[in-house]
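1. Need coordinates for the following:
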Amino acid sequence: MTYIVAFLHLYHYIHPDAISANVIPACAILCDTSLGLFTFVSGYLLGKKYSFGKQSEITPANFFKKRIIRIIPLFVISAVALWLIHFNGTRATINGLLCISPFITPRPSTIWYIPVILLCYSITPIISRKTLKSRVRNCLIVFALLVGISWLIPTIDSRLLYNALFYMAGIISASCFDWKFDFCYGNMIKLSLLLVFILLVYIGQINNNFHLSLYRWIVAGIGVFPLLFVCEYISNYFFGSNNGIRNGWKGQICRLISLVSYASMASYMFHRLFFWAGEKIYNPDVASIKWIYMAGLVFPIILYLSYMIQKCYDTLMNSIAGRGNNNSR
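-> The predicted structure follows:
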């Protein structure tokens, strides 16, 4: 999320001709890789936490209630705000709010991902079962149905299939690996995957293979796992078991990473609104000055405001939930 907000979309506002970074093959591939990783981790974490079945302690209704409370109110506010500033059209906004945009056009820009991840959440009780065998079987059935739907509905968004695939991979991996993904010859395999991914991105950059959509999806998909292992290394380095080391400069970085992570979803939903407001307040003609202004001032403000939005929202929801529990008692 931070890569998309801090570079991919910011590039559009800073470039003198307002050109999107998506025209740069390496940037576009890394965008798809980042979203694939976010979706994979979402599936992995939910697959670790929830196992549905006959004797499950949590019901699908309770699961959906928690997901709805977590995402949809902020999504509605974001979608309406982007419509008000004419970033998204009326039909695209309605399609997004109804979560049918992955199947029909027009689709809302930027926040197209929220209906996709909500649809992934909707299949969680079906695919996140108690046994590995059941998870693999149900994932294969559901993905085959999605592929069949894509043949029947030509307007289906290929990004739905891509992200659903990695969401299911995360659900399945939750039954196979711990979060460190330790396996035989693990470090050698992880490094090899990273080098292969860098090589494939370079080939796409210089040979225009990026324009072949299948090549882009394959390379981005391969890149999900090297990027995951890089994040794993960073997590181990800064959030290791040695708690005493967090008091120094590593402690400051730990707190910064935690702040950015906590603010990531709100920043993804609202950053376009803040970039738009930043341009309205000050829009210098000199590219270097605009870069300093947007990246050095507006982006940190976006992180801070996003953190406050998420904090206030969580506090409000916890307060409502607390009053509900008191009333029930």
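2. name the helices or strands packed onto the host helix or strand of S261?
-> Per DSSP states H and E: S261 is located in helix 249-281. On a contact count with 3 or more C-beta pairs under 8 Å, 6 or more residues apart in numbering; DSSP states H and E, helix 249-281 meets helix 2-3, helix 10-14, helix 60-84, helix 213-238, helix 299-328. Using the backbone N, CA and C atoms, a C-beta is placed for each residue, glycine as well.
3. residues touching R91, list them.
-> By C-beta atoms under 8 Å, 6 or more residues apart in numbering, the contact set of R91 is P106.
4. thinking again about what came up before, in the helix holding S261, what's buried?
-> Taking 16 or more other C-beta atoms under 10 Å as the neighbour-count basis, helix 249-281 is seen to contain the buried residues 260, 262-276, 278.
5. for stretch 85-98, same thing?
-> Quick answer for stretch 85-98 (16+ other C-beta under 10 Å): 87-88, 92-97.
6. what is the mean pLDDT for that stretch?
-> Stretch 85-98 comes out with an average pLDDT of 94.
7. excluding its backbone neighbours, what's nearest the residue most central in space within the chain?
-> Geometric centre of the chain, nearest residue: F38, 4.1 Å, by C-alpha atoms, centre = their mean. Ranked by C-beta to C-beta, 6 or more residues apart in numbering and with sequence neighbours excluded, the top spatial neighbour of F38 is M1, at 6.5 Å.
8. How far away from the center of its chain is stretch 309-323?
-> Per C-alpha atoms, centre = their mean, to the nearest Å, the displacement of stretch 309-323 from the mean C-alpha position of its chain is 22 Å.
9. what sits up against it?
-> Under C-beta under 8 Å, 6+ apart, the answer for stretch 309-323 is 69, 73-74, 262-263, 265-266, 270.
10. what stretches of the stretch 1-150 of the chain score poorly on pLDDT?
-> Regions of the stretch 1-150 of the chain meeting the criterion pLDDT under 70 cover residues 55-56.
11. Next, the distance between the ends of stretch 171-186.
-> Stretch 171-186 has its terminal residues 21 Å apart, counting by C-alpha to C-alpha, to the nearest Å.
12. G170 against F38, yeah?
-> No: look at G170 against F38 with C-beta atoms under 8 Å: they stay out of range, at 10.0 Å.
13. can I get the buried residues of stretch 85-98 in CSV with distance to L152 and secondary structure?
-> What follows is the buried residues of stretch 85-98, written out as CSV (distance: C-beta to C-beta, whole Å; DSSP: H, G, I helix; E, B strand; the rest coil):
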residue, distance to L152, secondary structure
F87, 31, coil
N88, 27, coil
A92, 22, helix
T93, 25, helix
I94, 23, helix
N95, 18, helix
G96, 22, helix
L97, 24, helix
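14. Now flag whichever of those residues is closest to P16.
-> For those, the closest approach to P16 (C-beta to C-beta) belongs to F87, at 20.8 Å.
15. now that we're looking at the closest residue to the closest one other than its chain neighbours, which residues does it contact?
-> With sequence-adjacent residues excluded and distances taken as C-beta to C-beta, 6+ apart, F87 is closest to R272, at 5.7 Å. Listed by C-beta under 8 Å, 6+ apart, the contact partners of R272 are 9, 82, 87, 110.
16. Would you point out the most distant pair within those residues?
-> Spatial extent of the contacts of R272 (C-beta to C-beta) is set by the pair H9 and L82 at 12.5 Å.
17. what about the two, which has more around it?
-> L82 (24 against 20; other C-beta atoms under 10 Å).
18. surely the more buried one meets N88?
-> Yes: between L82 and N88 there is a contact under C-beta under 8 Å: 4.9 Å.
19. Between these two, which contacts overlap?
-> 108-109, 111.
20. Dump those to CSV, plus distance to C176 and neighbour count.
-> Converted to CSV, the shared contacts of L82 and N88 look like this (distance: C-beta to C-beta, whole Å; neighbours: other C-beta atoms under 10 Å):
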residue, distance to C176, neighbour count
P108, 35, 24
S109, 36, 14
I111, 32, 24
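21. coming back round to it: for the residue nearest to the centre of the chain, what are phi and psi?
-> The phi/psi pair for F38 (degrees, to the nearest 10) reads phi -60, psi -40.
22. just to revisit the earlier point, out of the contacts of R272, flag the one nearest to V116.
-> Closest to V116, out of all of the contacts of R272 and judged by C-beta to C-beta, is T110, at 12.3 Å.
23. so what's the closest one closest to, chain neighbours aside?
-> Nearest one to T110, counting by C-beta to C-beta, 6+ apart, is R272 at 5.5 Å.
24. now swap in A169 and tell me
-> F40 (5.9 Å).
25. T93 now?
-> W83 (4.4 Å).
26. Phi first, then psi, for C176.
-> Per degrees, to the nearest 10, the backbone of C176 is at phi -110, psi -30.
27. Thanks a lot, see you next time.
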